[in-house]
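# Okay, structure incoming, though there's no sequence with it:
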Ligand code: PGA
Ligand code: ZN
């Protein structure tokens, strides 16, 4: 039986220049699986814990302790685990650190081993990662759906230094027939938007934020940003509402303080903010809103779901945690789950969270973090789960584009014999 013979982690940098982990898992047949873990900025308070060194080195953000935990404790534990059973792999990892949030050894340390082992197992079996995850780990047939990209073209909130409270302004190319056509659409709209913004606000508008979207220089209000995007969609030759719909991630915890949301120069309570979202839906082809309220405001999320027909995504509210996802489903606090593997810290738990959401009829959107690496695991995961939606920032900057490019590669590997949801991006793809 194939075994894990060596695990080696090292400290590398993420897209913001902060330390993170790269881990290599070597199998007895010489196969190597590599994974690099991402890191968020607008992190939910209930997320799994990234182990950081503290002190002055790298401003306290070093991960040498997490690296050491991989190279010692976890390397030893994994020596007796079957790498071809992701369930066994992750159960052993969780047993090694049963603390809340995986804070003892570090969720960043644990996740790096979980992902790298899956990659190694796929190579060992001579399978593509998406195929391995789909058929061997999730246990579904080899029928594939590529996702609609939710592409963040203007950055705000914690991801850019501008006056926009809303963190992400996204476009979804739903009029495309295939994934490559969809990607072309977002790239064309993105570049048209850049030229428009420079014409209107000057060359400072050319700069980008943490996820590669424009930095929003000159934009004062939420509506300004949405108007610019709709204008760019038209100017690029697409029809807003038919070819391209809009989405936002409010990441509202970041502008919530003492019961009020500070946005567009006003201080709003939850019901006024809800009214603002409903007004945006009436004015723009807005089809998806993420984290509209504070990360503990289950009741306000549920109010929104009651009032709207569009997609309401929970991110900081549910932090990809199966138990919290169950609560959100029970309280009808959303209708789609944002799935970030590093919020929960293992591949198996992330898949479980997605299954729970799907079983309740919720959509699932696989997601990057604002601090990323070149790792493309999430592209394969989105195809394996058949979520029909993936968010990976702007179609610019290598850390974002690598995910989109991996999907182009998957499309090519499948000879184009795969689905693309288009306008049905919100459909429940459970049975796909
Ligand atoms: P984060 O942002 O990675 O900084 O948390 C992404 C998101 O909120 O979806
Ligand atoms: Zn979010």
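Structure received. Since the model is a prediction, treat every value here as computed from it, not as a measurement. Ligands and ions are numbered 1, 2, ... in the order given.

# show me where the stretch 1-150 of the chain has strands.
Taking DSSP state E, counting those that start in this stretch as the criterion, the stretch 1-150 of the chain contains strands spanning 4-13, 19-27, 32-36, 148-155.

# just these: most buried one?
Among those, the stretch with the highest mean neighbour count (mean count of other Cβ atoms under 10 Å) is strand 148-155, at a mean of 30. From N, CA and C alone the C-beta is placed, and that goes for glycine too.

# From one end of stretch 79-93 to the other, what's the distance?
For stretch 79-93, the separation between the terminal residues is 12 Å (Cα to Cα, to the nearest Å).

# hang on, the earlier thing: could you dump the strands of the stretch 1-150 of the chain to JSON lines with mean pLDDT and distance to ligand 1?
As requested, those are exported to JSON lines (pLDDT from 0 to 100; distance: least, Cβ to the nearest ligand atom, whole Å):
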{"stretch": "strand 4-13", "mean pLDDT": "98", "distance to ligand 1": "16"}
{"stretch": "strand 19-27", "mean pLDDT": "98", "distance to ligand 1": "12"}
{"stretch": "strand 32-36", "mean pLDDT": "98", "distance to ligand 1": "15"}
{"stretch": "strand 148-155", "mean pLDDT": "98", "distance to ligand 1": "9"}
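
# Which strands or helices does the lengthiest helix in the chain pack on?
When the chain is scanned for its longest helix (criterion: DSSP state H), the result is helix 179-201. Counting contacts by 3 or more Cβ pairs under 8 Å, 6 or more residues apart in numbering; DSSP states H and E, helix 179-201 is packed against strand 148-155, strand 168-173, helix 222-235, helix 398-413.

# Which of the strands of the stretch 1-150 of the chain sits closest to residue 375?
Smallest distance to residue 375 across those (Cβ to Cβ): 4.2 Å, for strand 32-36.

# Can you say which of the helices and strands packed on helix 179-201 is packed in most?
Comparing the helices and strands packed on helix 179-201 by mean neighbour count (mean count of other Cβ under 10 Å), strand 148-155 comes out on top with a mean of 30.

# measure residue 391 to residue 158 for me?
16 Å (Cβ to Cβ, to the nearest Å).

# and those two? which has more neighbours close in?
Under the criterion of other Cβ atoms under 10 Å, the comparison of residue 391 against residue 158 puts residue 391 first, with 31 against 17.

# what residues are up against the most far-flung residue of the chain relative to its centre?
Most distant from the centre of the chain: residue 1, at 34.9 Å, with distances by Cα atoms, centre = their mean. Residues counted as contacts of residue 1 (Cβ atoms under 8 Å, 6 or more residues apart in numbering) are residue 82.

# Report pLDDT for it.
If you check residue 1, the pLDDT there is 91.

# What separation do you get for it and ligand 2?
41 Å (Cβ to the ion, to the nearest Å).

# tell me which parts of this protein are close to ligand 1?
40, 41, 42, 43, 249, 251, 315, 367, 369, 370 (Cβ under 6 Å from any ligand atom).

# Identify the residue nearest the fourth one in space, chain neighbours excluded?
So the one you mean is residue 43. Nearest non-adjacent residue to residue 43, counting by Cβ to Cβ, 6 or more residues apart in numbering: residue 316, 7.7 Å away.

# That neighbour against residue 251, yeah?
Yes - assessed by Cβ atoms under 8 Å, residue 316 is found in contact with residue 251 at 6.9 Å.

# quick revisit: what separation is there between the residue farthest from the centre of the chain and ligand 1?
Distance, residue 1 to ligand 1, by Cβ to the nearest ligand atom, to the nearest Å: 38 Å.

# so where's this protein shaky on pLDDT?
Along the chain, the model assigns pLDDT under 70 to no residue.

# need the residues of it near ligand 2, please.
249, 251, 290, 291, 315 (Cβ under 5 Å from the ion).

# The last one: neighbouring residues, count only.
Residue crowding around residue 315 was assessed by other Cβ under 10 Å; the count is 28.
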